[in-house]
Every structure is written in structure tokens, then in C-alpha cells.
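[1] I'll drop the sequence and a predicted model, then ask my questions.
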Amino acid sequence: MRILLENLSKHFGKVRAVDSLNLEIKEGEFLVLLGPSGCGKTTTLLLIAGLYKPTSGNIYFGEKIVNNLSPKDRGIGMVFQSYALYPHMNVYENIAFPLTLMKKSKSDIDKMVREIVKFVQLDEELLERRPGQLSGGQQQRVALARALVKGPNILLLDEPLSNLDAKLRLIMRTEIKHLQKHLGITTILVTHDQVEAMTMGDRIALMQHGKIQQVGTPDELYNQPINLFTAGFIGSPPMNIYNSKIGKDDEGYYVLVEESFKLRFPEKIFRELKEENIFLGIRPEHVSISLQPSNNLISGIVYVTEPLGREVLLNIQVGKVLLKSIAPQNIKLSSGDKVWINFDVNYCHFFDKNGNRIKI
Amino acid sequence: MENYGFKGPIPIIILILICLPIIILYGWLILSSFAVRMEGLKPYGWTLNNWKFLLEKPTFFWQAGEENPNIWVYTFNTLLYSLGITIFTIFICTTAGYAISRLSFRGRRPLLALTIILHSFPSITLLVGIFVVLLFLGLYDRLLGVILVRVALQLPFGIWIMKGFFDSISWDVEMASLVDGCSRLKTWYKIMLPLVSPGILALSVFTFLSGWGDFLFPYIFIPSKTSQTLSVYLRSLTADVRFVDYGLVTAVGLYYMIPIILLYIFAQKYLLNIYTGGTKG
Amino acid sequence: MMLKIKDGGNPRPKKINWNLLFFLAPAIILIIIFFFVPVFLTFLMSFTNMSTATGLTGFKIIGFKNYLQILKSQWTLKILKNTLFYVFTTLSLFNVGTALFLAIFSTHISENAGKFVRTLWLLPRITPSVVYATLWTWFTAEAPYGVLNQFLSPLGISSRNWLMSTPWVFIILINGFVGASFGMLIFTSAIKNIPPDYIMAAQVDGASTFQTIRKVILPMIRWPILFVTTYQTLSLLTSFEYILLTTDGGPGFYTTEVWALYAYHNALSNYYGNTLFGFGAALSVFLVILGIIFSIIYLRVFNFRALISEPKIEV
């Protein structure tokens, strides 16, 4: 089912939780609403679920406006952060609950419950248990089963993974994605975790202050961040972003980073950089390290090293600037060592003083 | 913390001293109901005669010719009275408590403020006004009338308690049930009511106990003998100080207290909750 | 399988919210009939001479005469003094004093002994008032029945009916034994909610148990103490059930009559059979006004805003 949000707003008193949102979610798409807490992503989800009424704007399911439709009539399934299983019912009753409300026959219900239980790989032995007796991962599967059992057109997931431990989160991440592709169900997932968003979504809508900052594929958000917010939010460890100035000396144009060091770029780039004050961004994996002194490279001092297992995150001090670089695991460095740094100029991002991307 | 607190023999002496008056008062009640005659705490001879009221209608020589209903009529009235209050209270407090806690509607804030104000308002001062209202409605001298009065006067407290219980239920669960296909009404009785059952239990026990022990309201508003409750009956036994049969009075008193003591023992956990958590604090 | 989506396009026409009606109507109707109407009636009746003699229809409006009569009555001052004495003494000795003692004592002895003390002291509150009053009338009765005389006669104190000879002592004891449990429970839960870190810190600093109580616990429960004090002031001011059941305002003329009992006697049960609804209402008006003032103060102290959070569902 296609979902269209048209100038959608939700105000709580003076607070604009969702502010003139426009977004289309295509049939069968997996869309992630990503953003820091308080950005309005959950409010947007609750608006789509019908638990909140829009202050203004429209919500379309297919071609129909559903602004005033009750949640029960919207044909949605939803999984909550706390799973929201009914504590006074056992697992079977929990999953069967939506079906009993649809007044299905007992045998139909039984058939459908057992089918969905198999589908979400829930152990049948657990059906008699109370939710309180289940592990987090099992509760998650029950919540999924309950959301899917009635065959909804739309699946809404509100931070479904954030209460799981790290290992289980990886497993469920894969499973939910697989399940979504298998069913082809239009799905909206809300999360604050950019790794979750990148790995699961077909597209990501990044939100801040009730507005969408950027919509696009994970690749687009990562490689072509539209503004400083996206650039800083997506990626871990985060992008290095510096206040910079454009200048010119005998050797030509340069970018002075935090008044600390100069970077030189091909002439054509400077044709696009029209203002003097800009922001320069570069991801840690595009900052490379050399142990050999070189005149072309910038020298710095290792401030602290953070081994990540597969690689090492180096924090290097250059003048007033602290910059992060990803280096191979086998590099032997410790605090205080001198290193030489190379910026991959093809992967530098430029933003104007308002934080908007400058296209090169 | 090992050394913290009162230690040694002095606290034990204090403990005995502060408990003694109450033990004496209630100990006498039990002894006297089985004694032929009591002088102070000293019983003279044991008997079950005091308990004969359970089997036969009491007759008193100062009421020659008058027929007293037997104890079971009073018991039944008392049960009807306290169960009536409990059922009405629970129904109205679970609906209104849910609305104030969970529904969004205009006037929710004033309604909550009103609940808090009435909650601490001394309703006993309204006796005169209520008397006239009951007369006007034709509910004076009828059990239903007193039950409604008692329910109404207890509402702000009960609504407040139930609101607290509803407040503590996660919003996610209620949202889930709405998405699963419930209307608000269905959510209320299929999901929310089972989840606040500890609150319902606590409020029921509390309401039943206070109704069972009620004296002033039945005394003032139901003068007729046939619909009197145990408290009014017991009062009539002690009204004339010259003729008080303490053996009978204590036996009836103890009989009257049995359900209270049982409920108190079995539901103490819930009761203490409601006295402190809910009680007007 | 596709679920059918119902049409929800057009904004709903304004209609009666049946949900709201179902949830709120019973409560609102009862509150109007038994709170608002009686308050209103009490005020109205206080300006009439309504009584058993006039009935509900034959009364006359007499303006402020009832109030003038209250001001002029020789008993008003006596009853006012009684009321203040009763409230102040019971409150300070029992509803706050004993309550505080019981709470502190029972939380500083073994857990089970503490529970036993509190359970026992809650007993008077849940005992039917008629039974409870009987216990005391017997306790204070003449020899050879009364326990008090049995205890005191070895000390050479002559037998008497204590309730009648020293009525105030026993009125205060009778009400106090019931009243203490409210504060006791509130204070106990307040003391139990004090984070143990504070008490451990005081212990590490070398404070004795008594010093800890005085310097740490008492200051930390000053809000509950204030709450119980104000709250119980109001309930004592308006309570009269136990007095009615024991001395009934006597012995003699108005010896232990308090304002609320006086209003009750006049309006609903006087010795001459002709009950004065109008005059009783005028007496009640003072209590009703006090009640309203106190209740509004509570609303302020309660920190109303903190109590109300917005609903998260708008269905």
C-alpha cells in the first residue's frame, strides 16, 4: 500500500512536533524514519497509525485520505519499542487477539496463529507462556507475529530493536529485513540508530526539528549528505567537520582548516567555492596516515588510539585540530608518535556557512 | 546499617506499652462474648448463650410486644449495603478514572482539579443538604438512597485512586490494542481493566470494609427497622445504658467484625497500599 | 491477503461522543446530585426557617436571622472553644504526635515487630465505629465492670465512670487512637522512601540512631508532616461520629459538643423532635466554607501541573 504524507503537521501547544512534512512511501518499500530523540519521527509514525490526529495536512493510504480513520480500521500492524505484549494473556492469546477482534472462527484463528508462529520462527512450546516469562528476543518475535497475523497492508515498527542486546539486535535486524522482503509489505521503521537505518532501509528519511532533512537511499545519505546535519548524523565514527577559510597565496588557492593547516585542491573545485567561509568535511576512512615524513603531507601527533578490532581509530592532533582517521589494525602507533596525514581530495565535502552542501 | 535502629530491652518495653491498650480493648471483646459475666478483664464462667442471637430473634423486656427482625436480616441488609456501594463505586471509578487518566477531551483539566478539590472536601458537612435531596428524590429511608449517597461521597477518592492505577499502565499496550482492532471501549474492558485489577481489588476491599462498618449514614437516612444494618442494630442494643447486656453486645460486635478481620488479614497488602499511596496524598 | 480500508476521508460531522458519555456521565451525575446540589441547598436553607414543623414547603425566608442567632447564642462561644480545644489537642497529641512516634519507632525496630505495631494500630480505624465506641464505654465503665477501675483501684483511686467524669480525656483518646494511624502510615512510607544512602552517610559520619532521626529523617519528612497536619485539621474539624457514639456532647449541657455535632443535633436529631434544618444549615455553612478553602489550598500545594500529563492517544 502506498502512503503519502502531504504537508503533514502535528502541534502540541506551541511545539511543532511534525512540521509540514511531505513524504511518499512506495508500495512494498522499507522506509526508515531516522533522527535524534525529539525530532518528530515517532509522532509521524503515530500519525500514520491513527493514534494521533494531524493538526493539518493529509495522510493518504493508496488514494484514500485516512486522517480521521480509527487505528483499528487502517489495516496496519505495529511493533512497539517495549513490545507492548498484553501481560494478562499468554503468548497464544496475544497473537490471536487481533483475530478474535475480527470475529474469526476458532479453527481459523488456530491455523493462522500456528502459521505465523512458524513464520517468525517462534518456538511452539512458548505459546502457553506469559510474556513476562520470555526473553527479549522471544517477546520481539511474539510482537512481530501479533502485528503480522491479521495480514496488514502496512507494518509500523517503533524502535523495535533498541531493547535487545547487541548480538540479538544483529540477528533480528537481518530477520526483519528478510521477512519484509519476503512479504513485500510496505514498512516504516523508526529508529535513532543510524547503523540500523543504513542496514535495513530501502530509503531513509532523516528528520530534525519536525522536518525532513534528507530523503534518499543509504548510499545517497552517506556519500552525498545534503547538509551538515546529515553529514554529522550519518556515519560512525562521524565525519570530521571543520570551520575553514578559502585563501590564495603564491602557490594558488588553498583551504585553511581551523587556522591550523592548509589543504590544496584542483583549480576547478575552487570555481564552485564562492564564499570565503566554508565548512570542510571528510570521513575518517578517507584520511590516511603515513609514518614516513613527506613535504606534501601534513604532520600531526597521535593524541589517542582506539582499537576497534578490525581497524584502529586514530585521533590525531594537528595544531588546534583533532581529527579522526581509520587505519589498518596492524599499524603500531601510540600516543605522542608523529605521523603524516593525507586527505583524499576526491572525498572531501564542502558546505556553505548555512550548512548546505556545495555541489562540486 | 547493622548497628542502625533501636536495640536492647527498652524498645521491647515501649513496644509492649504502646500495644497493650489496643490488645486489652479487643481482648476484652473476645473474652466477654464467651463469658457469663465479666469484671474488668476477669471472666466469671464460660457460656455460648451470648451467641444465641444467631439462632433466635432477640426479645428485650423493655420492648414488650415489639417484633425485632432476626440477625440474618440485619446481616443481609449490611451485605447488600456494602456490596451495593462496592459495585457502584468500582464501576463508576473505573470508568471515570480511565477517562480522566487516558481520554483527551475538553474539560479534562477542570475535571481533574474538581476531583482533587472534592477529594479533600469534608463531605460530612453536607448531611443537611443531602437529607433534603433524598427527601426530594423519594430515596429517603431506602437502602438504595444511602448507597448512592455513600458512593457519591466516595467517588473523588476512588476516581483518584483508579486514575493513579491507569496512569501506571504503559501507553504502548493501549496503543497496541487500538492498532490490533479495539475501540476505546473495548480497550477499556479487554485490556485496561485486567491490567488495573490490583487497583480494583484494593478499592473493592477498602470500599467494602468502610461500607460494612458504616454507622452515620444508615443511622440518619434509614430509620426503618426492616432495612437497618448491623451497626444501627448494635447501636440500638447499647442505646439505653441501664440495660446493656454486654455479653450479647460483645458477641454481636465480634460477629459483626468477623468479615472485617478476615479481609484485613488476607488483603492487608492491598489495603496498606490504598491507605498510603492513594489516601489523599 | 489485503485488509479492506474503510473510507475515512471526510471529517466527521459533530456528533455526541458516546464514549465520553459512557465513561463520565455516571460520575458527573452523582457528583452533581450529592455534592453540588447539597452545597447549594445548604447555603439556601441557611436563609430560611425550614424545620420539621414547616416541612419542605411551608418555610419562610428569614434573611440572616439564623446567623444572628448563632452570633447571639450563649452557647456559640462555648462550642467554638470546645471545637478548637478538641482539634488542637487530638491533632498534636495523636494525629501528628503519636503518629510520628509510631512511624519512627516501628521503622527502627525489627521489620516484623514494626509491622505488628502498625497492624495493631490500624485496627481501630477499620473497626466499625459502633463496636469501637462500645469498647471504650466499657473500658471506662464503673466498677466492677470497667477495666480502668480494675487497674486503678489498687492505687487507691475510687471507682467512677471515667467517660462521664473526665469526658475530654477520653474523647481525645478515643479519636486519637483512630486518628494516629493515618499519619503513621503516611510517615512510615515517607521514611521508607528515604534513600538509604543518606542514613548510611550519617552512620559513616558517626551519628547515633537518635541523631540520625533528628538530623536526617525528620527534616526529610517535613512535607508529609505538613500535609498530615493540615489534612487532619480539616477532618477533625468536621468529624463528630465518635463523640456522638460516646458522650453525645454531654454530660450535661454541651460539655463535649463540637461545632459539627452541634450542627447535626440541630438539623437532624434534637431532643425536642422539631429539627431546625435552616438553623443547622447555617451552622454547616461555616464548615462548608472552611472545607472549600482548605480544599483549594490543597489543589495549590498538590502542584496540579505535575499531576496531569497529556494523553498520548487521540482516538
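    Sure thing, it's come through.

[2] nearest spatial neighbour of residue B:227, skipping sequence neighbours?
    residue B:143 (5.1 Å; Cβ to Cβ, 6 or more residues apart in numbering or on different chains). (Each C-beta comes from the backbone N, C-alpha and C, glycine too.)

[3] so that neighbour touches residue B:85, yeah?
    No - applying Cβ atoms under 8 Å, one finds residue B:143 not in contact with residue B:85, separated by 10.3 Å.

[4] could you chop the chain up by domain?
    Went with chain A since none was named. Following automatic domain parsing, one gets these domains for chain A: A:3-233, A:240-351.

[5] chain B, not that one
    Taken from automatic domain parsing, chain B resolves into B:9-47, B:59-277.

[6] more neighbours: residue B:143 and residue B:85, which one.
    residue B:85 (24 against 19; other Cβ atoms under 10 Å in any protein chain shown).

[7] residue C:160 against residue C:149, yeah?
    Yes - counting by Cβ under 8 Å, residue C:160 does reach residue C:149; the two are 7.3 Å apart.

[8] of these two, who's got more company?
    Set residue C:160 next to residue C:149 and count neighbours by other Cβ under 10 Å: residue C:149 wins out with 22 against 17.

[9] all helices of the stretch 201-350 of chain A, in order?
    Ranges of helices in the stretch 201-350 of chain A, per DSSP state H, counting those that start in this stretch, are A:218-223, A:228-233, A:267-272.

[10] most tightly packed of those helices?
    Looking across the helices of the stretch 201-350 of chain A with neighbours counted as mean count of other Cβ atoms under 10 Å in any protein chain shown, the highest average goes to helix A:228-233: a mean of 21.

[11] so residue A:8 versus chain C, what's the distance?
    Per Cβ to the nearest Cβ, to the nearest Å, residue A:8 is found 15 Å from chain C.

[12] in a markdown table, list the helices of the stretch 201-350 of chain A along with mean pLDDT and distance to chain B.
    Formatted as a markdown table, the helices of the stretch 201-350 of chain A follow (pLDDT from 0 to 100; distance: least, Cβ to the nearest Cβ, whole Å):
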| stretch | mean pLDDT | distance to chain B |
| --- | --- | --- |
| helix A:218-223 | 93 | 28 |
| helix A:228-233 | 93 | 26 |
| helix A:267-272 | 80 | 49 |
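
[13] TSV for those helices, including distance to residue B:267?
    Listed next are the helices of the stretch 201-350 of chain A as TSV, based on distance: least, Cβ to Cβ, whole Å:
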stretch	distance to residue B:267
helix A:218-223	57
helix A:228-233	54
helix A:267-272	78
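
[14] between those, which gets nearest to chain C?
    Evaluated over the helices of the stretch 201-350 of chain A, closeness to chain C peaks at helix A:228-233, with 26.4 Å, by Cβ to the nearest Cβ.

[15] give the buried residues for stretch A:286-305.
    Going by neighbour count (16 or more other Cβ atoms under 10 Å in any protein chain shown), the buried part of stretch A:286-305 is A:286-287, A:289, A:297-298, A:300, A:302, A:305.

[16] ah, wrong one, I meant stretch C:24-42
    C:24, C:26-28, C:30-31, C:33-35, C:37-39, C:41-42.

[17] now swap in stretch C:87-100 and tell me
    C:87, C:89-91, C:94-96, C:98-100.

[18] go on, stretch C:225-238?
    Under 16+ other Cβ under 10 Å, the buried positions of stretch C:225-238 are C:225, C:227-228, C:231-238.

[19] and for stretch B:200-213?
    B:200-213.

[20] how far out from the middle of the chain is it?
    5 Å (Cα atoms, centre = their mean, to the nearest Å).

[21] now check it, is it near chain C?
    Yes - on the criterion Cβ under 8 Å from any Cβ of the partner chain, stretch B:200-213 is in touch with chain C at B:209, B:212-213.

[22] of these, closest to chain A?
    For the residues of stretch B:200-213 next to chain C, the nearest to chain A is residue B:209 (26.2 Å; Cβ to the nearest Cβ).

[23] what are the contacting residues of whichever strand or helix holds that closest one?
    Here residue B:209, judged by DSSP states H and E, is contained in helix B:197-213. If you take Cβ atoms under 8 Å, 6 or more residues apart in numbering or on different chains as the criterion, helix B:197-213 is touched by A:88, B:78, B:81-86, B:89-90, B:93-94, B:150, B:154, B:158, B:161-162, B:164-165, B:193, B:231, B:259-260, B:263-264, B:267, B:270-271, B:273-274, B:278, C:126-129.

[24] next one: stretch A:187-197
    A:3, A:25, A:29-37, A:41-42, A:44-45, A:48, A:154-162, A:169, A:173, A:176, A:180, A:200-201, A:204, A:218, A:233-236.

[25] what subset of those residues is buried?
    A:3, A:25, A:29-35, A:41-42, A:44-45, A:48, A:154-161, A:169, A:173, A:176, A:180, A:200-201, A:204, A:218, A:233-235.

[26] one step back: can you narrow the buried residues of stretch C:225-238 to ones near chain B?
    Among those, chain B is touched by C:227, C:231, C:234-235, C:237-238 when using Cβ under 8 Å from any Cβ.

[27] buried residues in stretch A:241-248?
    Quick answer for stretch A:241-248 (16+ other Cβ under 10 Å): A:241-242, A:244-246.

[28] keep only those of these that are in strands.
    A:241-242, A:244-246 (DSSP state E).

[29] pick out whichever of those sits closest to chain C.
    For those, the residue nearest chain C by Cβ to the nearest Cβ is residue A:241; the value is 36.5 Å.

[30] what separates the residue in the stretch 51-200 of chain C that chain B sits nearest to from residue C:136, distance-wise?
    Here the stretch 51-200 of chain C gets closest to chain B at one residue, residue C:150, 3.1 Å apart by Cβ to the nearest Cβ. According to Cβ to Cβ, to the nearest Å, residue C:150 and residue C:136 sit 15 Å apart.

[31] and residue A:304, by the same measure?
    78 Å.

[32] for residue A:249, same thing?
    102 Å.

[33] neighbour-wise, which of those two wins?
    residue C:136 (22 against 10).

[34] burial count for the residue lying closest to residue C:139 once chain neighbours are set aside?
    Distance criterion Cβ to Cβ, 6+ apart; nearest residue to residue C:139, sequence neighbours excluded, is residue C:147 at 5.3 Å. Per other Cβ under 10 Å, the neighbour tally for residue C:147 reads 21.

[35] go on, residue A:87?
    Residue A:87 has 15 nearby residues by other Cβ under 10 Å.

[36] ok, now the one 10 residues further on?
    The number of residues packed near residue A:97 is 24, by other Cβ under 10 Å.

[37] next: residue A:178.
    Other residues close to residue A:178 by other Cβ under 10 Å number 10.

[38] looking at this, it is in a strand?
    No - when classified by DSSP: H, G, I helix; E, B strand; the rest coil, residue A:178 is found to be helix rather than part of a strand.

[39] quick check, pLDDT for residue C:53.
    On pLDDT, residue C:53 comes in at 69.

[40] do residue B:277 as well
    Per the predicted model, pLDDT is 50 at residue B:277.

[41] low-scoring stretches of the stretch 151-300 of chain A, by residue?
    By pLDDT under 70, the stretch 151-300 of chain A contains no weakly predicted segment.

[42] tell me which helix or strand of chain B sits lowest on mean pLDDT?
    helix B:268-273 (a mean of 73; mean pLDDT, DSSP states H and E).
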